[in-house]
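Enquirer: what follows is a predicted structure for the sequence shown.
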Amino acid sequence: MGILWVSLILLSLLAIAFVAWPLLRQKPRNIDREYNRQQANVMLYQGHLDELDASRSQGELDESTYEQLKAELGRSLLEDNQNETPEQGAKRLGSPVLLACLLLVPLVSFSFYLWHGAYDSLELRDLLQEQSVAAMKSGSTITGPEVEATKQVVAKLKRLLEKDPDNLQNRYLLARNLLNLQDLKGAIGAYQEILSRSPKEPQILAEFGQVIFMASGSQMLPQVQQLADSALALDPQNTLALSLAGITAYEKRDYPQALTHWTKAVSLLGANNPDSATLLAGIANIEKIVGRPAREILAEANPSTSSDATSPTAGEGLSVTINVALANGIEVDPNLAVFVYARAWQGPKMPLAIQRMKVSDLPTRVTLTESMAMMAGMSIATVDAVELIARVSLDGSPTTKPGDWQASVGPVSKDAFDQAYNLTIETKVQ
C-alpha cells in the first residue's frame, strides 16, 4: 500500500506542476508603460481629430461622414486605452480558474479512486499478507496477532460484501476466515450465501458439509451425507467429499466402503500431502478392527476387480527380500502378530507393502512386492527410497505402540532391491 500512495502523490505533484506552470509564467503588469501608452493614444486621437476638422472646414467631408468618422475614432481610442487588452483579461480571468484546478485536480482524483478504484482490494490484500505473516510466526499454535489479523480481514470482507453482495470470491474468503476464528455459525451462513448464488460447486458443498459436521460435534448428520453425495455426483475425485463419505461408511461399519473412499482420497492427495495422515490413521484403525490389511479387505469385498491383482500369476513388478528373525533373549507370546512392511523413507507412514505373520513363524524370509500396494499409485515402485520395518505388535495393530519390539533399516533405494536385507527384532519401542 505504501508504494501505491507514493505513486499517487508523485502523479498528483506532476498534475499540480502542469496546472501551476501557466500561473508561474504570467508576467506582472507594467503600470508606467501602460500610462505612457495611454497618453500616446490620446495624442494620436487628437491629431486624427484635427485632420477630420480640417477636412470638414475645407469641404472635403460632409457633416454625416464627419460624424461617422469621428465616432469611429472615439471607439478606437476607447479600445486602445482600456486598462486590459483582451489577452490580458483572459489571462486574469484564467488565473482563478487555474487556481481552482490546482486544488480540485488532486482532490477529485483521490475521491474518484477511493470510490471507483481498487483501493479496497489493495487494502484487503495487505490485510491478508499481514495475516499470512502472523500465521507463519505462530507456527502450529494460534496466537493473538494471528487472531487479530483474521478479525481485521473478516471486518474488511463484510464491508466489501455490503458494496458487492454477489462477489463469491470474497464470500468464500469470509467463510474460510470465520472458520479459522471457530465462528462455525457465521461460516455456515457464509457458505449458505454462496450456495444460494452458485448451488453446483462441489468444493463448496463438501466444505459446507465439513463445517456442519464440526458444528454438530463430529456427528454424521443426514445433511452432511447428502452434501458429500452431491459433491461426489458433481466431482467424483473431490477428496474432502470422499473423506466425509468414508466417515459415513465407517459409522455404519461398512469398512470396505470406507476403505474404498479413503484409499481413493489418499491416492488423489498423494503420499506427501499432510491431509493424508488423518485418512491413513483411519485406514490403520480399520485394519486393527478387522485384523487384516486393507488390501485383503478390499480384495474380499471386490473380488471381480481385484482378482487379477491378487492372483499368483499376476505381475508383481519390483520386489525386495527381507530375512526376519527375533533376537535371542526376547521372550514374547508366540501367537503375537508380526508385521513386516516397507514405507516411504520420507512421507506418510502408511505401508506401501506389508505382510503379517506370527512370532512362531520366525525366523523367516519375506518378499515384499509392488503388487502388494494397498492402493493404486502408492507402491514401493512410486518412491525413490523406503524404510524396511519388522515389528512384533502387542495388540495386533499395525500402528506402532510403546512396548512393541521392532527392527528397521533405511533408507533403502529401490535401485538396491536386488539384495536381501536382514532385520533382527531386538529394540523395544518407548
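Expert: Happy to help now that I have it. Numbering: from 1, shown residues only.

Enquirer: list the contacts of M357.
Expert: When the contact criterion is CB atoms under 8 Å, 6 or more residues apart in numbering, the partners of M357 are A337, V338, V340, T364, V366. Backbone N, C-alpha and C define where each C-beta goes, glycine included.

Enquirer: could you list everything the residue nearest to W405 when sequence neighbours are not counted pairs with in the sheet?
Expert: With CB to CB, 6 or more residues apart in numbering as the measure, V392 is the residue that lies nearest to W405, at 4.3 Å, once sequence neighbours are left out. For V392, the beta-bridge assignment (DSSP bridges) gives partners V338, W405.

Enquirer: so V392 touches N335, yeah?
Expert: No. Applying CB atoms under 8 Å as the test, V392 and N335 come out as separate, 11.0 Å apart.

Enquirer: those two - which one has more neighbours?
Expert: Ranked by neighbour count (other CB atoms under 10 Å), V392 and N335 place V392 first, with 23 against 9.

Enquirer: next up, the contacts around that one.
Expert: Under the contact definition (CB under 8 Å, 6+ apart), the residues listed for V392 are L326, V332, L336, A337, V338, V359, D404, W405, Q406, I425.

Enquirer: now the closest residue to S408 other than its chain neighbours: phi and psi?
Expert: Using CB to CB, 6+ apart and skipping residues adjacent in sequence, the residue nearest S408 is I389, 4.5 Å away. According to degrees, to the nearest 10, the main-chain angles of I389 amount to phi -130, psi 140.

Enquirer: any figure for the gap between I389 and D404?
Expert: As for I389, its distance to D404 is 11 Å (criterion: CB to CB, to the nearest Å).

Enquirer: please apply the same query to T150.
Expert: Looking at T150 against D404, where the rule is CB to CB, the gap reads 42 Å.

Enquirer: for L157, same thing?
Expert: With the distance defined as CB to CB, L157 ends up 50 Å from D404.

Enquirer: circling back: can I get the contacts of V392 in a markdown table with pLDDT, neighbour count and distance to S216?
Expert: Written out in a markdown table, the entries for these read as follows (pLDDT from 0 to 100; neighbours: other CB atoms under 10 Å; distance: CB to CB, whole Å):
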| residue | pLDDT | neighbour count | distance to S216 |
| --- | --- | --- | --- |
| L326 | 93 | 20 | 48 |
| V332 | 89 | 14 | 44 |
| L336 | 91 | 16 | 40 |
| A337 | 89 | 18 | 37 |
| V338 | 91 | 24 | 41 |
| V359 | 91 | 18 | 44 |
| D404 | 91 | 21 | 36 |
| W405 | 93 | 21 | 42 |
| Q406 | 92 | 18 | 39 |
| I425 | 93 | 25 | 44 |
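
Enquirer: let's have the residues you listed in CSV, adding distance to A281.
Expert: Conversion of these to CSV gives the following (distance: CB to CB, whole Å):
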residue, distance to A281
L326, 28
V332, 26
L336, 22
A337, 19
V338, 21
V359, 26
D404, 17
W405, 22
Q406, 19
I425, 24
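
Enquirer: which of these sits closest to D229?
Expert: Within the contacts of V392, proximity to D229 (CB to CB) peaks at A337, which comes in at 36.7 Å.

Enquirer: show me the contacts for the closest one.
Expert: Contacts for A337 (CB under 8 Å, 6+ apart) come out as R356, M357, K358, V392, S393, G396.

Enquirer: just T260 next, same as before
Expert: With contact set as CB under 8 Å, 6+ apart, T260 has these partners: G246, A249, L298, A301, N302.

Enquirer: could you list the buried residues of the helix or strand hosting V386?
Expert: V386 belongs to strand 385-393 when assigned by DSSP states H and E. Applying a neighbour-count criterion of 16 or more other CB atoms under 10 Å, the buried positions in strand 385-393 are V386, E387, L388, I389, A390, R391, V392, S393.

Enquirer: and the residue nearest to S408, what is it in contact with?
Expert: In this structure, I389 makes contact with F339, V340, Y341, A342, R343, Q406, A407, S408, L423, judged by CB under 8 Å, 6+ apart.

Enquirer: got the buried residues for the helix or strand harbouring I289?
Expert: Under the criterion DSSP H and E, the helix or strand holding I289 is helix 276-290. Taking 16+ other CB under 10 Å as the neighbour-count basis, helix 276-290 is seen to contain the buried residues S276, L279, L280, G282, I283, A284, N285, I286, E287.

Enquirer: also stretch 222-230?
Expert: Of the residues in stretch 222-230, those buried by neighbour count under the rule 16+ other CB under 10 Å are V224, Q225, L227, A228, D229, S230.

Enquirer: this structure: strands as residue ranges?
Expert: Using DSSP state E, the strands of the chain run over residues 319-326, 337-344, 351-358, 364-369, 385-393, 405-413, 421-425, 427-428.

Enquirer: hang on, D333 packs against S360?
Expert: No. The pair D333 and S360 does not pass the contact test of CB under 8 Å, sitting 9.2 Å apart.

Enquirer: need the contact list for G396.
Expert: Counting by CB under 8 Å, 6+ apart, G396 makes contact with K288, G291, L336, A337.
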